[in-house]
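In: my questions concern the predicted model and sequence given below.
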Amino acid sequence: MKVVVIGGTGLIGSKLVDKLRAQGHEAVPAAPGTGVDTLTGEGLAEALRGASVVVDVSNSPSFADDDVMEFFRTSTTNLLKAEAEAGATHHVALSVVGTDRLQESGYFRAKLAQEELIRASGTAYSIVHATQFFEFVQGIADAATDGDTVRLAPVRIQPVHSDDVAAAVARTAVGAPVNGVVEVAGPEAFRLDEMVREGLAAKGDPRTVVTDPGARYWGAALRESTLLPGPDAHLAGTRFADWLARHK
C-alpha cells in the first residue's frame, strides 16, 4: 500500500514513515524539504500519484493566530483536493485531545477548522487525537514562562511518547477509515504543573514552576479534565519516568 505522509520529515512523520516501511508498505515522506509544499500545492500531484492513503502530520511554522489559521485552512484544502484527484481513499490527520475544548487558543481554533474541512470533504477519513507528547514538556514550560517562573494550572494531563503516537497513526492509516476520531494517550495521568516541574528538574532546568489555577494554556483557560482523553482512548505503554530516565 502506498501511504504519503505529509510532514513526513518531522518528529512524528519520520517515525511514522519508518514504522510503515517496516510493515512492508510504500511510505513516502512529503514536506518542503522533499519538494512538496501544501501551501502552494507544489509537488502534491506527483507525490500523491498512486497513493491509497494520505496521512497529514504537518504543523504550521508559525503559531501566530492568523498564520496558523491560514496554514491549516490552505494546506488542508489543497491536500484534500489533490488527493481526491489522485484517487486516494483514506485521509488520516493527527490532531490534539481537547481541541474542541480549547477554542480560546488561536492554535486550537485552527486545528478545529482543519478537522471541520476534513469532515465536510466527502473523503473517508480518520482523525487521531493524541495527548501532549513527552517531548513537548519544554515547549509547554517555555510558553508559560515569565522571567524565571513557569506558571501552570493544577489540572490533569495524560502525556504520551511520540513513538506511541506514531504507532497509533500507523495502525489507523492501514486500517479501515473510522469517519470519526480515535484517541491515544499515555498510561498515566499527572497534574500539569507537577509533570512540567518533574520534567524540568530531570534536565537540570533552573526555572521555578509555580502552581497557578488561573494560568492559561496556549491562551486558553483550563478545567480539570480539559486535557484528558475519553474513556475509550487507546492507552500506550511508555511511562513518563522511563522516558525521562532515557533522555536526561
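Out: Looks like it came in fine.

In: tell me the pLDDT of the nearest residue to residue 145 once chain neighbours are set aside.
Out: The spatial neighbour of residue 145 that comes closest, neighbours along the chain excluded (C-beta to C-beta, 6 or more residues apart in numbering), is residue 207 at 6.4 Å. Just so you know, the C-beta spots here come from the backbone N, C-alpha and C atoms, and that holds for glycine as well. Note for residue 207: predicted pLDDT of 97.

In: run through the residues that contact residue 207.
Out: 141, 145, 148-150, 200 (C-beta atoms under 8 Å, 6 or more residues apart in numbering).

In: most neighbours, which of these?
Out: For the contacts of residue 207, the largest neighbour count, defined by other C-beta atoms under 10 Å, is 23 neighbours, found at residue 150.

In: can you confirm that residue is in a strand?
Out: Yes. According to DSSP: H, G, I helix; E, B strand; the rest coil, the state of residue 150 is that of a strand.

In: just checking, it touches residue 206?
Out: No. Applying C-beta atoms under 8 Å, one finds residue 150 not in contact with residue 206, separated by 10.8 Å.

In: hang on, the earlier thing: next, format the contacts of residue 207 as a markdown table and append pLDDT.
Out: Compiled in a markdown table, the contacts of residue 207 are given as follows (pLDDT from 0 to 100):
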| residue | pLDDT |
| --- | --- |
| 141 | 97 |
| 145 | 97 |
| 148 | 95 |
| 149 | 97 |
| 150 | 98 |
| 200 | 96 |
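
In: what's the closest of these to residue 181?
Out: Set against residue 181, the nearest of the contacts of residue 207 by C-beta to C-beta is residue 141 (28.0 Å).

In: show me the contacts for the closest one.
Out: Shown in contact with residue 141 (C-beta under 8 Å, 6+ apart): 150, 196, 199-200, 205, 207, 209.

In: try it again at 10 Å.
Out: Residue 141 sits next to 150, 152, 196-197, 199-200, 203, 205, 207, 209 when contact means C-beta atoms under 10 Å, 6 or more residues apart in numbering.

In: in which helix or strand does it reside?
Out: Under the criterion DSSP states H and E, the helix or strand holding residue 141 is helix 137-143.

In: centre of the chain to that helix, how far?
Out: When distances are taken as C-alpha atoms, centre = their mean, to the nearest Å, helix 137-143 is centred 15 Å away from the chain's centroid.

In: list the buried residues for that helix?
Out: Residues of helix 137-143 classed as buried by neighbour count (16 or more other C-beta atoms under 10 Å): 137, 140-141.

In: what packs against the very next helix or strand once past that helix?
Out: Going down the chain from helix 137-143, the next helix or strand is strand 145-146, by DSSP H and E. Contacting strand 145-146 under the criterion 3 or more C-beta pairs under 10 Å, 6 or more residues apart in numbering; DSSP states H and E are the following elements: strand 208-211.

In: got the contact list for the strand it packs on?
Out: Here strand 208-211 has contacts from 141, 144-154, 191-201, using C-beta under 10 Å, 6+ apart.

In: all strands of this structure, in order?
Out: Shown for the chain, the strands assigned by DSSP state E span residues 2-6, 26-30, 53-56, 90-96, 125-130, 145-146, 149-152, 156-157, 181-185, 190-191, 208-211, 234-235.

In: would you turn these into a markdown table with distance to residue 75?
Out: Formatted as a markdown table, the entries for those read as follows, by distance: least, C-beta to C-beta, whole Å:
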| stretch | distance to residue 75 |
| --- | --- |
| strand 2-6 | 8 |
| strand 26-30 | 11 |
| strand 53-56 | 8 |
| strand 90-96 | 11 |
| strand 125-130 | 15 |
| strand 145-146 | 29 |
| strand 149-152 | 31 |
| strand 156-157 | 27 |
| strand 181-185 | 20 |
| strand 190-191 | 33 |
| strand 208-211 | 35 |
| strand 234-235 | 27 |
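
In: having no further points to raise, I will conclude here.
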